[in-house]
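1. Sequence and predicted structure, then a few things I'm wondering about:
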Amino acid sequence: MIDSLNNLNTLSRVSIIVTVYNRVAFLKAALTSACAQVLTRYEILVIDDGSDKAQAAEIAAIVAGFDPAKLIRLDKNGGVSAARNRGIEVATGDYLLFLDDDDWLDEHFLSTAVLYLEQQTAVDVFIAKTSLFSEHMSDRFARLQRYYVHLQERYHLQSANLPAYFLIYCPAIHSMAFRKGLFQQHRFPEDLSYGEDRYLLMNMRKNGVIFHSADVVGGSYRIHQQESVPVVRQLDFIEKLNRTGWLSSPYEKAYLHLLKGYFLIRAGHWLKALGSFFFTLQSPRVIGEALIAFVRSRF
């Protein structure tokens, strides 16, 4: 598609919103990937989410080395959703992309995504594939990679409007390009520190937003050697999503109970987990697909 363009400068502008908090080790690589885009019409907004004074100074020094990048420092830490929402408020682009400080973009992603969105005006969000990477190879990373590859092969090219798409398989947020107009009505939920991306996407889907999943790679998602989300945050996501009433099909409800049961086991609440797994029986298909995914991740 890119070869068909006479001039990439004719495409609309993109705002790349990069969020960072008290971490400088990976920021330079993330900004380098943003500046390496084939698409030339973009701005980079680095939102420092209230980092400590020493870390903030290092972040500012790194950002100063990238001409297209503008630093916006928040007075206090409000979480990644608050930082992204601040970026939305100041963005001037026609399209938005959200990049975490430890991930990378493929150099062709924005040009491919924006060209498609310019031509297909009924589509609101362009979704690309994501590759996983880690600087520390381990059994854990190998299992995660096999599991994610299985989900990507099984679900990516299906319609994102199908039940449980964003529950079972959720591409990384930085592998998506959004029309900015969507955020006149939508924001990242600032009361969640886990699952905020999925919640936003499911909210958009409920409100008729049109997604397109493409067979291209948008970027790379970093898996850290030791990374564990507190179970309470995961359960907060489950409960908030359950209260919305968005999940209408037995398949979606069963999968949500499956997730809840898994998180409860991690928290040591075995009896409550059994109760959640009981509700999963309303859709045996969910159990079968979960078992297949589990086996695929181990072998």
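-> Structure received.
2. quick one: low-confidence ranges for this structure?
-> Scanning the chain for pLDDT under 70 picks out the ranges 1-11, 226-228, 297, 299.
3. residue ranges for the helices of the stretch 51-200 of the chain, please.
-> 53-64, 80-90, 109-119, 139-155, 165-168, 196-206 (DSSP state H, counting those that start in this stretch).
4. How many neighbouring residues does the residue nearest to Tyr21 when sequence neighbours are not counted have?
-> The shortest distance from Tyr21 to any non-neighbouring residue, by Cβ to Cβ, 6 or more residues apart in numbering, is to Asp49 (4.1 Å). C-beta: built from backbone N, CA, C; applies to glycine. By the measure other Cβ atoms under 10 Å, the count of residues near Asp49 is 22.
5. residues touching Asp49, list them.
-> Asp49 sits next to 19-21, 74, 77-80, 82-83 when contact means Cβ atoms under 8 Å, 6 or more residues apart in numbering.
6. Give me the distance between Ala54 and Ala128.
-> In this structure, Ala54 lies at 36 Å from Ala128, with Cβ to Cβ, to the nearest Å as the measure.
7. Leu167: what's it in contact with?
-> Counting by Cβ under 8 Å, 6+ apart, Leu167 has contacts 198, 202, 252, 255-256, 259.
8. Among those, find me the one that's closest to Gly218.
-> Sorting these by how near they are to Gly218, with Cβ to Cβ, puts Arg198 at the top with 16.9 Å.
9. neighbours around that closest one, how many?
-> Neighbours around Arg198, by other Cβ under 10 Å: 17.
10. Then Lys76?
-> In terms of burial, Lys76 registers 7 neighbours under the definition other Cβ under 10 Å.
11. so it makes contact with Gly50?
-> Yes. Counting by Cβ atoms under 8 Å, Lys76 sits close enough to Gly50 to count as a contact (4.4 Å).
12. quick one on the thing from earlier: neighbour-wise, which of Ala54 and Ala128 wins?
-> When neighbours are counted by other Cβ under 10 Å, Ala128 comes out ahead of the other of Ala54 and Ala128, with 25 against 10.
13. Please determine how far the more buried one is located from Arg84.
-> According to Cβ to Cβ, Ala128 and Arg84 sit 19 Å apart.
14. Would you mark the buried spots in stretch 24-34?
-> 24, 26-27, 30-31, 33-34 (16 or more other Cβ atoms under 10 Å).
15. same check, this time on stretch 282-296
-> 283, 286, 289-290, 293, 296.
16. mind putting those residues in TSV, distance to Tyr221 and secondary structure included?
-> TSV is the format used below for the buried residues of stretch 282-296 (distance: Cβ to Cβ, whole Å; DSSP: H, G, I helix; E, B strand; the rest coil):
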residue	distance to Tyr221	secondary structure
Ser283	29	coil
Val286	25	helix
Glu289	22	helix
Ala290	22	helix
Ala293	18	helix
Arg296	19	helix
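17. Between those, which sits nearest Leu45?
-> In terms of Cβ to Cβ, no member of the buried residues of stretch 282-296 lies closer to Leu45 than Ala293, at 36.4 Å.
18. neighbours of Ser46, just the number please.
-> No Ser there; residue 46 is Val. Using other Cβ under 10 Å, Val46 has 27 other residues around it.
19. Which secondary structure state is assigned to it?
-> Three-state secondary structure (criterion: DSSP: H, G, I helix; E, B strand; the rest coil) places Val46 in strand.
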